[in-house]
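Visitor: Mind folding the following:
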Amino acid sequence: MNQAAAVSLLEEIETFCRRLGIAESTFGRQSVNDGKLCVRLRNGKDVTLETAAKIRGFIIEHQPSAPTNGGSHAEHDTTKGTIMTVSTKRKAPSVAKSSKKSTPQAAAVSADRPFRFYDNRQKYLAFVNTCNEKQKVADRAADELREIRPTPPALRLFDAGMGDATVLARLMRSAHASWPAVPQLVVAKEISREDVRLGLEKMPDRFLEHPTTVLVITNLQYADAPAMRPHSGTDLPRLNWQVLRLKGSSSHEYARQIDGLQAVLDYGWATRPSEASGNPVYVRPSVLVIFREDHAFLLDAVIDYDFVLASQPWRARMSAQFKVGKVLLPLVRHLAPGGRLLVIQSRGDDPGLDIVRALWPGESPFQVDRHRLLTELRAALGADAAKYSMPDPPDSEAIFRYEMHTLPAEVSDRIGTSMLFAAWNAAIYVNQIEDERLGEVVANGKYLQTTQSVLRKHGGLWFNDESFVVSRRS
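Guide: Sure thing, here's the model as predicted:
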């Protein structure tokens, strides 16, 4: 049985144990009289085809009546000629624990409960392709990046929300233009498997143009992601650490190897809904490291960053205490001396908000502005605030505008339906209007009339973002 088949078998076992609420050691003893079966599989041990057949037979025989949602997972060992190796210095996760309160029915209900990402994929992709926010954010970040003075062994960048990596890829190109000979360590946080897939598609040429690049993608929480290490005593031994050593000398070769990571992403970036909030949380904490085999360098045990980008890293309606405590404070504490954190969030006071307020009077999604965030951050840092520079810039420096892509001739007496739909989508996406609130206004058709009226009034559609910088004193 090869490595790919063994890992696929392991995920089948994990899914089965999670649904029935039993411990993996119990499964191993009952199925093949081996309580350490899953541990051995994670550490790269093989099983015979006969043993694999017994395991699958046991799963089929004891399958709960509710349908399963488990997928398959395969990895390729570079020692056998293709894609990736998995470091065995950290154990992979243990998914389920036995509990007297757990029942097959309860596990099935939990596993099958529907959920969605806050950022609806259709809305997100339509917004990205019809508005130029990503370009404007990347340009703003590039301006800030040029203030950095990298020190050996590398320029260290952290993206606090990679998304589809449109901004990150632009930022990496800017870094190469400024320091073509300086190695880049780029760490990006992202929980969405689909965004990770889209982001990786943009990376092959980065490894060709800048061969001394180490790219790290992780789904860890903000408190843990900069160090690439969970603080939780239960998550640390479950850390799913994976390494892809790129072979070859062309972006085509790198793209083929990166494309082969799909099963790895299915496994490492699986999510489940949080019982507390309903938002997606990872099933297994994961770190994926990618670099060219011929240009490898060691990762520091503790990493502080020269530049951190936090662009739209939160829901607008979250409190200042949440945004600072859960996001900004961990990022600020991982700044290297001279390092800079650039924070960007939606501001409002634009035609997009006009559309929303015409349909929901009094709507105010952007209640926590940069002034409150900086005040809260200074308080949270306490005496350590003296180590950082946290200026509150005037509006003329902090606020920048981005637009929906339109031709001037398109905004006239007769605006095309496709443009109206695109403008409406952008307005409700930026202002974070939940799907549940859209039914009535969409049903009566007023939303398109309102959107048309605002576009005519302003001659187009644009949005305001605001930014500020926190830097650590040298």
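Visitor: Let me see the ranges of the strands in the stretch 301-450 of the chain.
Guide: 305-311, 335-346, 388-389, 399-403 (DSSP state E, counting those that start in this stretch).
Visitor: Format those strands as JSON lines; extra columns: mean pLDDT.
Guide: Converted to JSON lines, those look like this (pLDDT from 0 to 100):
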{"stretch": "strand 305-311", "mean pLDDT": "97"}
{"stretch": "strand 335-346", "mean pLDDT": "97"}
{"stretch": "strand 388-389", "mean pLDDT": "98"}
{"stretch": "strand 399-403", "mean pLDDT": "96"}
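Visitor: With mean neighbour count and distance to residue 237 as extra columns, can I get those strands in a markdown table?
Guide: C-betas here are computed from N, CA, C, even on glycine. As requested, the strands of the stretch 301-450 of the chain are arranged in a markdown table below (neighbours: other CB atoms under 10 Å; distance: least, CB to CB, whole Å):
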| stretch | mean neighbour count | distance to residue 237 |
| --- | --- | --- |
| strand 305-311 | 25 | 26 |
| strand 335-346 | 20 | 29 |
| strand 388-389 | 15 | 34 |
| strand 399-403 | 16 | 44 |
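Visitor: Any chance of CSV for the ones you listed, columns distance to residue 240?
Guide: Formatted as CSV, the strands of the stretch 301-450 of the chain follow (distance: least, CB to CB, whole Å):
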stretch, distance to residue 240
strand 305-311, 23
strand 335-346, 27
strand 388-389, 34
strand 399-403, 36
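Visitor: closest to residue 210 out of those strands?
Guide: Nearest to residue 210 among the strands of the stretch 301-450 of the chain is strand 305-311 (15.4 Å), distances taken as CB to CB.
Visitor: The closest one: partners in the sheet, and parallel or antiparallel?
Guide: The pairing partners recorded for strand 305-311 under DSSP bridges are strand 155-159 (parallel), strand 335-346 (parallel).
Visitor: Quick one: distance of the longest one to the chain centre.
Guide: Looking back up the chat, that one is strand 335-346. 18 Å (CA atoms, centre = their mean, to the nearest Å).
Visitor: Same check on the first one?
Guide: Per CA atoms, centre = their mean, the displacement of strand 155-159 from the mean C-alpha position of its chain is 15 Å.
Visitor: Can you tell me what sits against that strand?
Guide: Identification of contacts with strand 155-159 by CB atoms under 8 Å, 6 or more residues apart in numbering yields 148, 150, 167-168, 171-172, 175, 179, 182-189, 225-226, 303-309, 331, 334, 336.
Visitor: Okay, buried residues for that strand please.
Guide: For strand 155-159, a neighbour-count test (16 or more other CB atoms under 10 Å) marks 155, 156, 157, 158, 159 as buried.
Visitor: Pretty sure residue 465 sits against residue 402.
Guide: Yes: Residue 465 lies in contact with residue 402 (CB atoms under 8 Å); the separation is 6.8 Å.
Visitor: Can you work out which residues contact both of those two?
Guide: Common neighbours of residue 465 and residue 402, using CB under 8 Å, 6+ apart, are 133, 136.
Visitor: Check the buried residues of strand 155-159 against residue 321 and report the nearest one.
Guide: Of all the buried residues of strand 155-159, residue 158 has the smallest distance to residue 321: 22.5 Å, by CB to CB.
Visitor: For the closest one, give me the pLDDT.
Guide: Model confidence at residue 158, given as pLDDT, is 97.
Visitor: residues touching the residue nearest the centre of the chain, list them.
Guide: Centroid-nearest residue in the chain: residue 190, 1.3 Å away (criterion: CA atoms, centre = their mean). By CB under 8 Å, 6+ apart, residue 190 lies in contact with 161, 162, 163, 196, 199, 217, 218, 219.
Visitor: Next: residue 437.
Guide: Applying CB under 8 Å, 6+ apart, we find residue 437 in contact with residue 360.
Visitor: now swap in the one 3 residues further on and tell me
Guide: Under the criterion of CB under 8 Å, 6+ apart, residue 440 has no contact partners.
Visitor: how far away is it from residue 293?
Guide: Relative to residue 293, residue 440 is positioned 57 Å away (CB to CB, to the nearest Å).
Visitor: before we move on, what about residue 433?
Guide: Relative to residue 293, residue 433 is positioned 47 Å away (CB to CB).
Visitor: Neighbour count: those two, which is higher?
Guide: Neighbour count, other CB atoms under 10 Å: between residue 433 and residue 293, residue 433 has more, with 18 against 11.
Visitor: what residue ranges in the stretch 151-300 of the chain score low on pLDDT?
Guide: 277, 297-300 (pLDDT under 70).
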